[in-house]
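Trainee: No letters, just coordinates:
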């Protein structure tokens, strides 16, 4: 029987930074994953966007924490994770979209976010060459940015290792034994593991893991495809987001990474539910066409690689963070809806602080000021609210 | 570098000279040839300066696989080796990252193009073409997608005569001619369509492949099953300076020299003694390029003894138990330093030699291009592999293997066909490694002609026994296959020289006694023969030791084999030990004794695209407790243009040095694209309908 203070299931976008934050605070933590190494689930499929401009206070708070961690990785810890504070720019080409953005702007400003409407000329200055036909402007949040999800997860893993966390790879959770409304122990990789606190950070597999403990977690992955180009000299600054759907796709977004490469992603329409991560032929022509409609000069840019990843979706587009009634020592940190990379470090810090300060099911935030986060993201919520800027 | 004007084997070039601009100055090249070849012919070795550290980048694979040869063509970064030269092109070297042209007019139109076939064969080399022929005969709709202008794969670089058997794989015929024969056979099959200049750049789960047709448009091919006949790529080697321009794969060198007729170097050095390296040495000599030597880190020659003997006779030394310690040069390779190694492969002091060369060929082995096969299997697509993509072997074996793969695939598709047991046996023989060596009893020259064999090692080869008009040459059956050695056991040799001119190893002479003291020796000669009749030449024994200098007393040309047959008047005593003619001045091969250099292997470049050294990778593995190749992406290893194709086989060494058993290490995942494609070309922006591609290509390879 292996025993730890905390056992995290899932060495991904959430589990790895959480392990680091816990180990930093002197907690004996183990991370188990069936993959052969860290970040092998959806982390490496993330294109690397990191924004605080959401419409929900809990997500805003988590991502502000994330930005403060990721943006100082180099200065504070010596890891270059290719962070660029390029901002997020949601473009509007029609009055409906403009009205939608302006309405949202009020909410976002009220939440204290640094975001404003910019006109077409300002958009063109930030993204020279963008299709000017019909361009009305957009909302721009200069404090947001992007980084390498792979490098960031590697940095968290190394920091966690150095702080004393133990990682067990190729270790699949096979069984969870309950006793008196609590997880008593788990079987993983053929061994028994016990701990006063287990954390489900299993990403796209989180509902399977939860169900082993009798917990129903409404997390259902859908597939998105992404790609990266060759590097070229810098010509555009922000993450560009176009939320206009067309017949074959929903929104799409792309940015120019520190390396000079354009990284892009698109939401297929209809959504592709499931876990099949194999690439299909439809993506490349579709995504290229949409990118070229918005940014014609990309025509001469060579696509280097494409891949698929999953968005572990919840019904209302918000993560699930909390202690379920049926398993009160089994903290759920799941259903990130494709935003695990951007929420991971901030959520890790918030959860680690809460746990260390004595957080439990009765009082998940412990002595921290994060009660509102647990309230909003609770497992027991009704999931009828819909996030505006998914 | 000059062009190769006259080549002893290759026919004269039919090409149009065109003008283009290079870095703002006028230059000339041949229309349609690879831009990389035009540039090398101009003496350009630096194609770009790397964006990471401005290190010079030069041609490396010449095969579209890496991206070291990227230049700006009309303002757009392109791989020079797959870009055909056109009149008026503005070609520029690249320093750092390119800037994206401000072509900001809105998207004109986007068009999806899809072809449909039963079987897609990826690669039109010997195995792919053979498979296409068999599958075509069975009535399947077949598309062969090949990435080059001419099909045949590496056959089009093989100016030498082939081993194997005449019946199964055109033994005795030159590779370049076999390519034509195979492609002619396909022209008779209307259901087989050959797409040239059509690299497959992606394989998708929904049984479609993306093809980058003419390196300018994107076509999806929907298929039922695939044959992966993608061949192999050269393995890299690690020594400081291994990334300098001028150090390239032997295949790249053969492409420059044999396909594009560029005299790619003045003096080369070769690393590796397998057949590829040995043959490349021969091709270099035929192109009038000096070969300073070959090093082999192991204690024995890796390739066929006949190949090794042939080049040793011509004056190229093969240094066993020897390695390259470093390469140096300003902007390109100018000097390499070698040393003998001990049984732990450590360099031995006092054995270091330096050679001044302007190219180094890497010929340390091949690894299969099996990415599409692995992907197909993971997608559940019906697929078979053929040729080197299945198992590294000679082209003769690949041709026969293509036939077997075709039958295996037909079986998987529900056809009642059977792969005959005898074919499998033939394939086994054709891909055999050399067998035992035998010594032959000395031949005494008589008044009648007699063939003398310098073929002492079992290899799969039999042309001499099939061309003899008096059926006097037989394989002496020890194994009962074409691995057996040939012997003269007939009544009479007609002196027709057919065996001499057809032997791929140049390992047969004809000898007869002229008088009490003199003999006539006939030797094959695959070089220019414009010398006078009484020219004296240095004649050598089987492994290249000098025997005597003797005059040429006759020369005749075998048209069939495109081989000269030179007669020499020699002393009678050593006549039957004379096996060949030295062609290279021994001074070329003399190294300069130097102190053992202070060269650290850890400084070698592993990932060429992103310029990551062995040392950086080893440290990263140790620091982060890495057991998964995919984690090296944090160092950017495998994140470059080639997607790990060039470096993946070198990573085993990094893990070993970090103390990790490769068996514990998770392999790298394979993702599209196999080759970069511009977005505008993915959507076929502003192009005509596909109909034109379809009609013009059908049935006409």
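Mentor: Good, I have the coordinates. The shown structure was predicted, so the numbers you read here are calculated from the model rather than taken from an experiment.
Trainee: Single out the residue in chain A that lies closest to chain B.
Mentor: Proximity of chain A to chain B (CB to the nearest CB) peaks at residue A:299, 3.0 Å away. C-betas here are computed from N, CA, C, even on glycine.
Trainee: just checking, that residue is part of a strand?
Mentor: No: assigned with DSSP: H, G, I helix; E, B strand; the rest coil, residue A:299 falls outside any strand and is helix.
Trainee: need the contact list for it.
Mentor: The neighbours of residue A:299, taking CB atoms under 8 Å, 6 or more residues apart in numbering or on different chains as the test, are A:292, B:103, B:107, B:678-680, B:685.
Trainee: Residue B:364 and residue B:273 touch, don't they?
Mentor: No: at 9.2 Å, residue B:364 does not count as touching residue B:273 under the criterion of CB atoms under 8 Å.
Trainee: Compare neighbour counts for the two and give me the winner.
Mentor: residue B:273 (27 against 22; other CB atoms under 10 Å in any protein chain shown).
Trainee: check contacts around the closest residue to the more buried one other than its chain neighbours.
Mentor: In space, and not counting its chain neighbours, residue B:273 is closest to residue B:296: 3.8 Å by CB to CB, 6 or more residues apart in numbering or on different chains. By CB under 8 Å, 6+ apart, residue B:296 lies in contact with B:272-273, B:302, B:318-322.
Trainee: ok, of these, which come out buried?
Mentor: When the contacts of residue B:296 are checked for burial by 16 or more other CB atoms under 10 Å in any protein chain shown, the buried set is B:272-273, B:302, B:318-322.
Trainee: right, and out of those, which lies closest to residue B:8?
Mentor: residue B:318 (22.7 Å; CB to CB).
Trainee: can you give me phi and psi for the closest one?
Mentor: The phi/psi pair for residue B:318 (degrees, to the nearest 10) reads phi -110, psi 120.
Trainee: Okay, and the closest residue to it other than its chain neighbours sits in which element?
Mentor: Leaving aside its sequence neighbours, residue B:318 sits nearest to residue B:294 (CB to CB, 6+ apart; 4.6 Å). Residue B:294 belongs to strand B:290-296 when assigned by DSSP states H and E.
Trainee: Distance from that strand to the middle of the chain?
Mentor: Centre-to-centre, strand B:290-296 and its host chain are 17 Å apart (CA atoms, centre = their mean, to the nearest Å).
Trainee: With stretch B:349-358 instead?
Mentor: So, by CA atoms, centre = their mean, the centroid of stretch B:349-358 is 26 Å from its chain's centroid.
Trainee: can you give me the strands for the stretch 1-150 of chain B?
Mentor: For the stretch 1-150 of chain B, the strands defined by DSSP state E, counting those that start in this stretch cover B:17-22, B:25-30, B:48-49, B:56-57, B:70-73, B:76-79, B:90-92, B:94-95, B:114-116, B:119-122, B:142-145.
Trainee: Likewise for the stretch 201-350 of chain A?
Mentor: Using DSSP E, counting those that start in this stretch, strands in the stretch 201-350 of chain A cover A:220-231, A:239-242, A:249-256, A:261-268, A:272-273, A:302-313, A:320-322, A:330-334.
Trainee: helices or strands next to the third one in the packing?
Mentor: Going back to what we said before, that points to strand A:249-256. strand A:239-242, strand A:261-268, helix A:283-294 (3 or more CB pairs under 8 Å, 6 or more residues apart in numbering or on different chains; DSSP states H and E).
Trainee: ok, residues contacting the last one?
Mentor: What it means is helix A:283-294. Here helix A:283-294 has contacts from A:91, A:130-131, A:225, A:227, A:240, A:242, A:246, A:248-249, A:252, A:254, A:264, A:266, A:268, A:298-299, A:303, A:306, A:308, B:106-107, B:110, B:112, B:202, B:210, B:218, B:672-673, B:679-680, B:682-683, B:685, using CB under 8 Å, 6+ apart.
Trainee: So for that helix, mean pLDDT?
Mentor: Helix A:283-294 shows a mean pLDDT of 96.
Trainee: Report the angle between that helix and strand A:302-313.
Mentor: Between helix A:283-294 and strand A:302-313, the angle formed by their directions is 100 degrees, by axes from the mean of the first three to the mean of the last three CA atoms, to 10 degrees.
Trainee: Can you give the distance of helix A:283-294 from its chain's centre?
Mentor: For helix A:283-294, the distance to the chain centre is 24 Å (CA atoms, centre = their mean).
Trainee: So which bits of the stretch 51-200 of chain A are right by chain B?
Mentor: Selection of the stretch 51-200 of chain A residues close to chain B by CB under 8 Å from any CB of the partner chain yields A:128-129, A:131, A:133, A:148, A:150-151, A:154, A:157-158, A:161, A:167, A:169.
Trainee: Just the residues you listed: which are in helices?
Mentor: Judged by DSSP state H, those include A:150-151, A:154, A:157-158, A:161 as members of helices.
Trainee: Give me the buried subset of the residues you listed.
Mentor: A:150-151, A:154, A:157-158, A:161.
Trainee: residues contacting residue 218?
Mentor: All of this refers to chain A. Residue A:218 makes contact with A:207, A:314-315, A:320, A:335, A:383 under the criterion CB under 8 Å, 6+ apart.
Trainee: Chain B was what I was after
Mentor: For residue B:218, the contacting residues are A:284-285, B:113, B:210-212, B:677, B:681-684, by CB under 8 Å, 6+ apart.
Trainee: let's see it at 10 Å
Mentor: A:284-285, A:288, B:111-113, B:201-202, B:210-212, B:677-684, B:687 (CB atoms under 10 Å, 6 or more residues apart in numbering or on different chains).
Trainee: Drop the exposed ones from these and show what's left.
Mentor: Buried, going by 16+ other CB under 10 Å: A:284-285, A:288, B:111, B:113, B:201-202, B:210-212, B:677-684, B:687, out of those.
Trainee: For chain A, give me its nearest residue in chain B.
Mentor: Nearest residue of chain B to chain A, counting by CB to the nearest CB: residue B:680, 3.0 Å away.
Trainee: Does that residue touch residue B:103 like I think?
Mentor: Yes: the pair residue B:680 / residue B:103 is scored as a contact, 8.4 Å apart, by CB atoms under 10 Å.
Trainee: what is in contact with these two at once?
Mentor: What both residue B:680 and residue B:103 touch, as defined by CB under 10 Å, 6+ apart, is the set A:296-300, B:76.
Trainee: Pick out the most distant pair among these.
Mentor: Pairwise distances across these (CB to CB) peak at 14.4 Å, for the pair A:296 and B:76.
Trainee: In terms of neighbours, single out the busier of the two.
Mentor: residue A:296 (22 against 18).
Trainee: can you map out the helices along chain A?
Mentor: A:15-24, A:57-70, A:95-110, A:120-126, A:149-162, A:206-212, A:283-294, A:340-356, A:371-376.
Trainee: do you know which of these lies nearest residue B:143?
Mentor: Nearest of these (CB to CB): helix A:283-294, 19.4 Å.
Trainee: Residues of the stretch 101-250 of chain B that sit close to chain A?
Mentor: Residues of the stretch 101-250 of chain B lying near chain A by CB under 10 Å from any CB of the partner chain: B:101-114, B:201-210, B:218, B:220-222.
Trainee: hmm, which of those are the buried ones?
Mentor: B:101, B:107, B:110-111, B:113, B:201-205, B:207-210, B:218, B:220-221.
Trainee: Mind checking which of those land in strands?
Mentor: Using DSSP state E, B:201-204, B:208-210, B:218, B:220-221 are the members of those that sit in strands.
Trainee: now the residues you listed as JSON lines including pLDDT?
Mentor: Below are those laid out as JSON lines (pLDDT from 0 to 100):
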{"residue": "B:201", "pLDDT": "97"}
{"residue": "B:202", "pLDDT": "97"}
{"residue": "B:203", "pLDDT": "97"}
{"residue": "B:204", "pLDDT": "96"}
{"residue": "B:208", "pLDDT": "98"}
{"residue": "B:209", "pLDDT": "98"}
{"residue": "B:210", "pLDDT": "98"}
{"residue": "B:218", "pLDDT": "97"}
{"residue": "B:220", "pLDDT": "98"}
{"residue": "B:221", "pLDDT": "98"}
